[in-house]
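# coords please:
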Amino acid sequence: MKDKYTGIIKELTEKELLFHLYLTQAILFFISIILSIILFDRISDVLSLFELKDINILLIGGSAGLAVVLLDLIFMKILPPSYYDDGGLNERVFRNRGVLHMAVIAAIVAFCEELLFRGIIQTHVGLVITSLIFAVIHYRYLFNWFLFLNVVVLSFFIGYIFFITENLFVTIFMHFIIDFLLGLNIKYRHNKGSKRETGRDVS
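Prediction:
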């Protein structure tokens, strides 16, 4: 099953890859709208989950995001590469992308996923169920026990951050920091490897 998934990822063109990426986020956003209409009495109840003037966005969201990235980078150094093998999707998404485009992707993913999982689902079914659902929808991680455990723990952590701050902007920023910085790491490693092979810059 994993080999089949990896083969599908490799066969996708850049346009197809981006199309599926953005389509997936659009679907999550649409589901969020539908569920918010069903589960919330007023739109103001949803909007109340967002507080822009909150120092915790930087203080908690930023520091927690950086801590996760730092821990991930340490694990990448000491663990075998197979532990971080997700079938090649993250590599395909970020390795040849411009920095601005990477930031856009990270921001869209962070907003859509946090709105649905923390803002809509967690507020109604709680932290545990939400974290398990969040892990399961990251389908590619089901083939790798370490990545699956990683995303489960991360989901609980992000969910707890939302629980104590009650502000989606905090977890959105945290999620963005994690995806964007780890994406930069993928891009940096890919370019470094290309330089080593060609002996010249590949910017």
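# excluding its backbone neighbours, what's nearest the residue nearest to the spatial centre of the chain?
Nearest to the mean C-alpha position of the chain, by Cα atoms, centre = their mean, lies Asp179 at 5.2 Å. Nearest non-adjacent residue to Asp179, counting by Cβ to Cβ, 6 or more residues apart in numbering: Ala106, 4.0 Å away. For glycine as for every other residue, the C-beta is placed from the backbone atoms N, C-alpha and C.
# same deal with Tyr84?
Met76 (6.1 Å).
# could you identify the helix or strand that succeeds whichever helix or strand that neighbour is part of?
In the assignment (DSSP states H and E), Met76 maps to helix 63-78. Where DSSP H and E defines the elements, the next helix or strand beyond helix 63-78 is helix 89-94.
# can you dump the C-alpha coordinates of that following helix into PDB?
What follows is helix 89-94, C-alpha atoms only, in PDB (Å, rounded to 0.1, in the frame of the first residue of the first chain):
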ATOM      1  CA  LEU A  89       4.900  14.300  -0.500                       C
ATOM      2  CA  ASN A  90       6.500  16.900   1.700                       C
ATOM      3  CA  GLU A  91       9.600  16.700  -0.400                       C
ATOM      4  CA  ARG A  92       7.600  17.300  -3.600                       C
ATOM      5  CA  VAL A  93       5.600  20.100  -2.100                       C
ATOM      6  CA  PHE A  94       8.500  22.200  -0.800                       C
END
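# buried stuff in stretch 173-193?
For stretch 173-193, a neighbour-count test (16 or more other Cβ atoms under 10 Å) marks 173-187 as buried.
# quick check: Ile158 touching Phe173?
No: using Cβ atoms under 8 Å, Ile158 makes no contact with Phe173, being 11.0 Å away.
# per-residue confidence for the residue nearest to Asp179?
Note for Ala106: predicted pLDDT of 97.
# tell me the contacts of it?
175-176, 179-180, 183 (Cβ atoms under 8 Å, 6 or more residues apart in numbering).
# now do the top helix by length along the chain against helix 63-78, angle only.
The residue-count maximum for a helix in the chain (DSSP state H) belongs to helix 168-198. Helix 168-198 runs at 30 degrees relative to helix 63-78, counting by axes from the mean of the first three to the mean of the last three Cα atoms, to 10 degrees.
# what mean pLDDT does helix 168-198 have?
Averaged across helix 168-198, pLDDT comes to 82.
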